[in-house]
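Asks: Pasting the sequence and the predicted model now:
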Amino acid sequence: MLDKVLRIGLLFDFYGALLTEKQQQCLEMHYLSDLSLGEIAEQMGVTRQAVHDLLRRAEQLLDEYEAKLKLLERFLHEQQAVRQAYELLDSLPDEVYGLGQISEARKILQLLLDYNKEA
């Protein structure tokens with residue numbers, strides 16, 4: 001299972017636009033900017049309890065969206081498959097790399113892995 005902060009971050013990437021502006025703002029401040037509930041409450045002009053409730057509801061919504069749409073699950077599965085394919089190609093003997101298609105396939109898989117690290 002993914003670390004909670006990483007999981008919420010990934011879910012936010014996929015489903016954040018479906019949340020209200022306040023929910024988005026609160027999640028960003030807490031998980032991306034690492035602000036405490038008190039700091040968020042002060043900036044938003046609400047109580048700590050209101051921030052806590054807002055965070056929990058937003059997290060619950062993200063989990064509900066994932067349960068229905070499974071975008072994160074699919075993404076992680078695809079990442080694993082790309083990584084496995086890359087490792088299989090990478091483990092081939094050097095003389096096989098003379099074949100252009102294998103070398104090109106390896107480059108494409110590496111680009112996919114690098115792109116998703118940055119995203």
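Replies: Right, received. Where do you want to start?
Asks: from here on, contacts and neighbour counts on C-alpha atoms
Replies: Will do.
Asks: where along this protein do the helices fall?
Replies: In the chain, the segments counted as helices under DSSP state H are 4-15, 21-27, 37-44, 48-69, 71-90, 100-118.
Asks: any idea of the mean pLDDT for the first one?
Replies: Think helix 4-15. The predicted model assigns helix 4-15 a mean pLDDT of 95.
Asks: any idea how the protein splits into domains?
Replies: 4-69, 74-118 (automatic domain parsing).
Asks: Pick the most buried one from those.
Replies: domain 4-69 (a mean of 16; mean count of other Cα atoms under 10 Å).
Asks: could you give the angle of the one helix or strand in the chain whose mean pLDDT sits lowest to helix 71-90?
Replies: Lowest mean confidence among the helices and strands of the chain (mean pLDDT, DSSP states H and E): helix 100-118, at a mean of 77. If you take axes from the mean of the first three to the mean of the last three Cα atoms, to 10 degrees, helix 100-118 sits at 140 degrees to helix 71-90.
Asks: contacting residues around stretch 31-50?
Replies: For stretch 31-50, contacts defined as Cα atoms under 8 Å, 6 or more residues apart in numbering pick out 5, 8-9, 26, 29-30, 51-52.
Asks: which among those residues gets closest to Arg83?
Replies: The closest of the contacts of stretch 31-50 to Arg83 turns out to be Gly9 (Cα to Cα; 21.3 Å).
Asks: For the closest one, which residues are in contact?
Replies: Gly9 touches 31-32, counting by Cα under 8 Å, 6+ apart.
Asks: The same query, at a cut-off of 10 Å, please.
Replies: Residues near Gly9 by Cα atoms under 10 Å, 6 or more residues apart in numbering: 3, 15-16, 27-28, 31-32.
Asks: Quickly note the distance from it to Leu62.
Replies: Using Cα to Cα, to the nearest Å, we find Gly9 at a distance of 10 Å from Leu62.
Asks: any common contacting residues for the two?
Replies: 15-16.
Asks: Flag the shaky bits of the chain, pLDDT-wise.
Replies: 1-2, 94-100, 116-119 (pLDDT under 70).
Asks: Contacts only, for Gln79.
Replies: So Gln79 contacts 73, 85, 109, 112-113, 116 (Cα under 10 Å, 6+ apart).
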